[in-house]
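# Below are the sequence and a predicted model for it; my questions follow.
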Amino acid sequence: MHKATILFIGFLITFATAWTGLVLLPARHYNAQAAQLPAASSADEALIDRGRQVYQANGCLYCHSQQVSPRHFRRDQERGWGERRTVSSDYLRDKIALLGTMRTGPDLANIGIRNPSASWHSIHLYDPQLTSPGSTMPPFRFLFEPVKDGAVADAFALPDGTRVAPTADARALVAYLLSLKHSQGEPPDAFEPPAK
Amino acid sequence: MTDSAHSSIDPVAIERSREERIRIDAAARGPLLHWLASAVFWLLLGTTLALAASVKLHDPEYLANHAWLTFGRVRPAHLNTMVYGWASAASVAVGLWIMARLCRAPLRHGWSLHFAAVLWNIGNAVGTWGILTGGSTSLEWLEYPSGTAPWLLAAFAVAMWQGVDMMRRRPPGHIYVSQWYLFASLFWFPLLYATAQVLLIWKPVAAPAQPPINWWFAHNVLGLWFTPVGLATAYYLIPKVLGKPIHSYYLSIIGFWSLAFFYAWNGMHHLIGGPYPAWLISVSVAASVMMLVPVLTVAVNHHFTMIGNFRALRWSPTLRFVVFAAMSYTLVSVQGSLTAIRAVNRVTHFTHYTVAHAHLGMYAFVTMMLFGAIYYMMPRLLNREWPSAALIRVHFWSCAIGVLFYWGTLSYGGIEQGLNLQKPDMPFLDIVARTLPYLRMRTWAGVLMTVGHLAFATSFLLMLFGKARATSTPTLFANPAAKPNPA
């Protein structure tokens, strides 16, 4: 056989082994699991979905993970980031698993349980220094607009007295954050036994 | 070396071989300069975005009032312009030129590569614009929005076809190791990119399957695209500059196939401690440690080729960049194998240490290798010499010191950050505050690298527009014939 042809077959075989193990098997496995999932819908689904898109568009994931590590491995659970580790089936209802790889900011896998206050998140997004002095999170003032007093229910006053209200994008983002409850309840399978 | 080995004695054959090289370089000139000039443009844009992102990490109010300049958009715009705009475009140019030289096949249908360069630039422009205006996918290394992939894939298909066309026209006989790496990577990259686009963006698989595919892709872009091109360059240029063959043919075979087999399985070490079954993570941890085989094989092979010739680093700009890059490859790979071990990863994962490691790979290895190759290629493509050795010296030292300082400070800061994350009583904002000095130092390292890039771009433009030195002798750091000062 032609030398280059033999090389070419070798390239394809080495590539195909890892493709089978790391792409095909996980895709088939989790697609099958997702197909068995009973349909669930919530009234806020469209809003939460829009919020997820705002989260993606503005790159929140470059500083915030959404996964709780096992108890014996990292101290996430003692930090209060979740009552148990997250397992793969915790993400089955998500459209995209935004696990993240950096913790420049705290983990958000269960932020909806840990801090359910919409107004706190709104103020924090507008200017993190107002709620968390010393934070290096950028302000997302461009997701807010100034309002006249009393006109909007979720408007808030700044230290200088002016009032701002979240735009539709900011409201959606807050709704998304409040929906993040990845390790709520028992693990959906026998991945890790519950804490004693 | 293929070019010279067959003609080492017969002067007629030497002349014929020289004429053949001139023909090959002339055919490559227009199309490959188009790709290189595009790459330099994206390098400068990516550098600007990098500096902005770096400052934002310690000064969050910097350029904070515009949505398109927020950190979470500037950072992926930086990464993608560098990965696709700069490094991939430069890799196509360098790879196809080495391929043409080694296949002794002058590039044909140059217009197709001009056309492909236009497509590639449109794709990067559409993608970067998309990220900055809020279309980022938030899939790491794949943030360009969905309209981008067809442009990039179409452009790359042309490059792939050109590489195959050269392989088909090569004279019968030996295939040099650089050709294996280049031939393989021309298939691996589009297979990786198309798989990731289809399964993550066009028709996304169930959410839990996405991160494994994302990291299979992101790690293999380095492992099966940039690394093969980088190693092919080192395997071609080190013997070329020194005028002696590579140390061992057999080692290069082991190095190639062990890389092809083990690197492809590495990606899941980005998910250690994540919500996945143990086998999926463990297979990548094992494969990552096994990467010691190809890495040490290549390191030994290059080292024994260099041995007795290290003085050439004093005068050859190409060799200085290439050897720096090859040493960085060994360093980053050994570091990667160690970082994949769970006991290390529990500390370093989720910290700035990973960012430092990524720059040791994509910059100290890949980018420095591409610089070295460009310093070798341009005088041959253009028949002129680099305008100034001083500019090249500024380029080398700014970038070399810059990236090592970057890696050193950010790695140290990242380890400290990781150890602090393991102290549940330390308030989170204290951990953040303690990373700030390292993040500021990283910005200064970035400034230094920017200086290097400006020196490089200046040389490149002077070269391109004919302001080169009027001389027939190459631009070197020192006279190779001169004896080093015995003092």
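That came through fine. Numbers count the residues shown, from 1 in each chain, chains lettered A, B, ... in the order given.
# give me the residue from the stretch 251-400 of chain B nearest chain A.
residue B:264 (3.4 Å; C-beta to the nearest C-beta). Just so you know, the C-beta spots here come from the backbone N, C-alpha and C atoms, and that holds for glycine as well.
# In contact with whatever residue of the stretch 51-200 of chain B ends up closest to chain A, which residues?
Residue of the stretch 51-200 of chain B nearest chain A, by C-beta to the nearest C-beta: residue B:72 (2.2 Å). Residues in contact with residue B:72 (C-beta atoms under 8 Å, 6 or more residues apart in numbering or on different chains) are A:58-63, A:138, B:136.
# Secondary structure element holding it?
Remark: residue B:72 resides in helix B:71-80, with elements defined by DSSP states H and E.
# Could you give me the buried positions within that helix?
B:71-80 (16 or more other C-beta atoms under 10 Å in any protein chain shown).
# Dump the C-alpha coordinates for it into CSV.
Below are the C-alpha coordinates for helix B:71-80, written out as CSV (Å, rounded to 0.1, in the frame of the first residue of the first chain):
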residue,chain,number,x,y,z
PHE,B,71,-14.6,41.4,30.7
GLY,B,72,-16.7,38.4,29.7
ARG,B,73,-16.7,39.5,26.1
VAL,B,74,-13.2,40.9,25.8
ARG,B,75,-11.6,37.7,27.2
PRO,B,76,-13.2,35.3,24.7
ALA,B,77,-12.6,37.8,21.9
HIS,B,78,-8.9,37.8,22.9
LEU,B,79,-8.7,34.0,23.0
ASN,B,80,-10.5,33.4,19.7
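# show me what contacts the nearest residue to residue B:329 once chain neighbours are set aside?
Using C-beta to C-beta, 6 or more residues apart in numbering or on different chains and skipping the chain neighbours, the partner closest in space to residue B:329 is residue B:365 (4.5 Å). Residues counted as contacts of residue B:365 (C-beta under 8 Å, 6+ apart) are B:227, B:230, B:325-326, B:328-329, B:332.
# Show only the entries of those found in strands.
Applying DSSP state E to the contacts of residue B:365, no entry is found in strands.
# Which one (most neighbours) among those?
residue B:230 (31 neighbours; other C-beta atoms under 10 Å in any protein chain shown).
# Surely it is in contact with residue B:371?
No. Counting by C-beta atoms under 8 Å, residue B:230 does not reach residue B:371; the two are 11.3 Å apart.
# contacting residues around the lengthiest helix in chain A?
What stands out as the longest helix in chain A, according to DSSP state H, is helix A:3-19. Here helix A:3-19 makes contact (C-beta under 8 Å, 6+ apart) with B:167-168, B:175, B:180, B:183-184, B:187-188, B:191, B:195, B:216, B:220, B:224, B:257, B:260-261, B:264-265.
# same thing with stretch B:390-409?
B:317, B:320-321, B:324, B:356-357, B:359-360, B:363-364, B:367-368, B:371, B:375, B:386, B:438, B:441-442, B:444-449, B:451-453, B:455-456, B:458-459, B:475, B:477.
# And the contacts of helix A:3-19, which of them are buried?
Neighbour counting over these (16+ other C-beta under 10 Å) leaves B:167, B:175, B:180, B:183-184, B:187-188, B:191, B:195, B:216, B:220, B:224, B:257, B:260-261, B:264-265 as the buried ones.
# element containing residue A:116, please.
Applying DSSP H and E, one finds residue A:116 in no helix or strand.
# what does the stretch 251-400 of chain B have sitting close to chain A?
B:257, B:260-261, B:264-265, B:267-268, B:270-271, B:273-277, B:280, B:283-284, B:342, B:346, B:349-352, B:354-355 (C-beta under 8 Å from any C-beta of the partner chain).
# among these, which are in helices?
Using DSSP H, those in helices are B:257, B:260-261, B:280, B:283-284, B:342, B:346, B:352, B:354-355.
# Narrow the residues you listed to just the buried residues.
Buried members of these, scored by 16+ other C-beta under 10 Å, are B:257, B:260-261, B:280, B:283-284, B:346, B:352, B:354-355.
# tell me the contacts of the residue nearest to residue B:93 when sequence neighbours are not counted?
The spatially closest residue to residue B:93, leaving aside those adjacent along the chain, is residue B:35, at 4.0 Å (C-beta to C-beta, 6+ apart). Listed by C-beta under 8 Å, 6+ apart, the contact set of residue B:35 reads B:89-90, B:92-93, B:113, B:117, B:120.
# Nearest to residue B:13 among the contacts of residue B:72?
residue B:136 (55.7 Å; C-beta to C-beta).
# Could you double-check that that closest one sits in contact with residue B:76?
Yes. Residue B:136 is within contact range of residue B:76, at 5.4 Å (criterion: C-beta under 8 Å).
# returning to what we had before: what two of the ones in helices among the residues of the stretch 251-400 of chain B next to chain A are the furthest from one another?
So, those by C-beta to C-beta: farthest apart are B:257 and B:352, at 34.8 Å.
# So which residues of chain A form strands?
A:144-146, A:156-157, A:163-166.
# so which of the ones you listed gets nearest chain B?
strand A:144-146 (11.3 Å).
# can you give me the helices for chain A?
Counting by DSSP H, the helices of chain A are A:3-19, A:25-36, A:45-57, A:111-114, A:118-126, A:128-131, A:168-179.
# If you count neighbours, what's buried in the fourth one?
Right, helix A:111-114. Neighbour counts using 16+ other C-beta under 10 Å place A:111-113 of helix A:111-114 among the buried residues.
# cool, the longest one as well?
When burial is assessed from 16+ other C-beta under 10 Å, helix A:3-19 yields the following buried residues: A:4, A:7-8, A:10-11, A:14-15, A:18-19.
# How far away from the center of its chain is that helix?
38 Å (C-alpha atoms, centre = their mean, to the nearest Å).
# I'd like to know the average pLDDT value across that helix.
Confidence for helix A:3-19, expressed as mean pLDDT, is 93.
# do the same with the second one
For helix A:25-36, mean pLDDT is 92.
# ok, that helix near chain B or not?
Yes. Against chain B, helix A:25-36 shows contacts by C-beta under 8 Å from any C-beta at A:26-27, A:29-31, A:33-34.
# Including neighbour count, could those go into TSV?
Shown next, in TSV, are the residues of helix A:25-36 next to chain B (neighbours: other C-beta atoms under 10 Å in any protein chain shown):
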residue	neighbour count
A:26	25
A:27	19
A:29	18
A:30	22
A:31	13
A:33	17
A:34	18
